[in-house]
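1. fold the stuff below for me.
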Amino acid sequence: MSPRARPFPEGLAGRRVLITGAARGIGAALARDLAARGARVALVGLEDERLAALCTELDDQAPAAGPHAWFPADVRDLDAVWSAVAGAVERFGGLDVVVANAGIVNLGTVAGSRTEDLLRTIDVNLQGVVRTVGAALDPVIDARGHVLVVSSSSALGPTAGMAAYTASKAGVEAFADALSQELRPTGVSVGCAYLGWVDTDLVRDVDALLPSLRLLRRRLPWPLRATTSPEVAAAALADGIADRRRRVMVPRGLGILRWTRPVLTSRAGEATMGLLGHRLLPRMDRESRALDRRFGANTPD
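-> Numbers count the residues shown, from 1 in each chain. So this is what the prediction gives:
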């Protein structure tokens, strides 16, 4: 194991961690796990009340690690991200770890989706990661710390009906791979997390609002259809941070997809994956358009 990849010598106790998308779901679960391990956590997200409540919870339940902090920011707003990072650095005296976790999913085919919904998904999921990492990189380099970006199993096994999401998460993976090469001389490690379906509000919204996508998900081969609890996913991410792992798979079975990806993206693989959902895709588009009429968008946060 190279010096760059050695685990943090004293675990996560006292480590200063910034997490985007921390108001709920995986981000909130990860914050709780890290705080329980003694880390100080800066929560970044859109929902002020949830962020404040979670920060109070962490201070009460993990007093040895705190005080923690929260900062409102939309990862599409570079100035807001810079402000959140600056606030965390000022409050904590630096940053050891940044976790670029904020993400959304676009529902429906490319032909059946509004272009602005596709672009919004890419903006949050990929450009939001670039903004977050770019803003936090100098203090993390100063600490010889760790960068964790959250990708998806969709980057390994593209799924019809989620093209913009797949593209954004594949871009996140490529960004992490290049960043890891660039930061090797600095002692900063870079991890990429590949998450399958995690039982969060976002996945439950998908199941409730688009029954067609729920059916498509159930037709996918294991491990692409597997569902993990937020707590199990958070524990795996926290372990990956502590060990400064290059890749974190949740569930672990996703690792096989890294080696079978050429098959999944071959003509035969595309045909097979397409057959799994070809009858469902028109229905998915109809449901997506119904969401547009009901909510003005089909992209749950």
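2. show me where the stretch 1-150 of the chain has its helices.
-> Under the criterion DSSP state H, counting those that start in this stretch, helices of the stretch 1-150 of the chain are mapped to 25-36, 48-61, 78-92, 115-122, 128-142.
3. of the ones you listed, which approaches residue 284 most closely?
-> helix 115-122 (13.3 Å; CB to CB). Using the backbone N, CA and C atoms, a C-beta is placed for each residue, glycine as well.
4. relative to helix 128-142, how tilted is the closest one?
-> Compare the direction of helix 115-122 with that of helix 128-142 by axes from the mean of the first three to the mean of the last three CA atoms, to 10 degrees and you get 20 degrees.
5. residues of helix 115-122 that come out buried?
-> Neighbour counts over helix 115-122 (16 or more other CB atoms under 10 Å) mark 117, 118, 120, 121, 122 as buried.
6. and what of stretch 136-152?
-> 136-137, 139-140, 143, 145-152.
7. start and end of that stretch, how far apart?
-> 22 Å (CA to CA, to the nearest Å).
8. now that stretch: how far from the chain's centre is it?
-> Centroid separation between stretch 136-152 and its chain, computed with CA atoms, centre = their mean, to the nearest Å, is 14 Å.
9. likewise stretch 27-47?
-> The answer for stretch 27-47 is 14 Å, by CA atoms, centre = their mean.
10. as a whole number, average confidence for that stretch?
-> Stretch 27-47 carries an average pLDDT of 96.
11. so for it, what gets flagged as buried?
-> Neighbour-count burial for stretch 27-47, with 16+ other CB under 10 Å as criterion, is recorded at 27-46.
12. check the separation of the first and last residues in stretch 237-255.
-> Length of stretch 237-255, first residue to last, CA to CA: 15 Å.
13. swap in stretch 118-127?
-> OK, stretch 118-127 end separation, CA to CA: 13 Å.
14. stretch 31-49 now?
-> The first and final residues of stretch 31-49 sit 16 Å from each other (CA to CA).
15. show me how far that stretch is from its chain's centre.
-> With CA atoms, centre = their mean, you get 15 Å for stretch 31-49.
16. repeat for stretch 44-63
-> That offset, for stretch 44-63, works out to 19 Å (CA atoms, centre = their mean).
17. over to stretch 105-119?
-> 19 Å.
18. now that stretch: average pLDDT?
-> Averaging pLDDT along stretch 105-119 yields 87.
19. from now on call the first residue 663
-> Sounds good: first residue 663 from here, last item stretch 767-781.
20. any idea how far the closest residue to residue 790 other than its chain neighbours is from residue 707?
-> Spatially, and ignoring its direct neighbours in sequence, residue 790 is nearest to residue 737 (3.2 Å; CB to CB, 6 or more residues apart in numbering). From residue 737 across to residue 707, the span is 9 Å (CB to CB, to the nearest Å).
21. what's the answer for residue 694, then?
-> With CB to CB as the criterion, residue 694 and residue 707 are 14 Å apart.
22. now swap in residue 909 and tell me
-> Taking CB to CB, one finds residue 909 at 25 Å from residue 707.
23. got the phi and psi for residue 819?
-> phi -130, psi 90 (degrees, to the nearest 10).
24. look up the pLDDT of it for me, please.
-> Taking residue 819 on its own, its pLDDT is 76.
25. and the one 5 residues further on, by the same measure?
-> Per-residue confidence (pLDDT) for residue 824: 84.
26. I figured it hits residue 768, correct?
-> Yes: using CB atoms under 8 Å, residue 824 is in contact with residue 768, at 7.1 Å.
27. between these two, which one's more packed in?
-> residue 768 (29 against 23; other CB atoms under 10 Å).
28. so that one makes contact with residue 780?
-> Yes: counting by CB under 8 Å, residue 768 does reach residue 780; the two are 5.7 Å apart.
29. shared neighbours of the two, which are they?
-> 825, 826 (CB atoms under 8 Å, 6 or more residues apart in numbering).
30. returning to that earlier point: give me phi/psi at the residue nearest to residue 790?
-> Torsion angles at residue 737 (phi, psi; degrees, to the nearest 10) stand at phi -70, psi -10.
31. over to residue 855?
-> phi -100, psi 130.
32. grab the nearest non-local neighbour of residue 721.
-> Using CB to CB, 6+ apart, the closest residue to residue 721 is residue 728 (4.5 Å).
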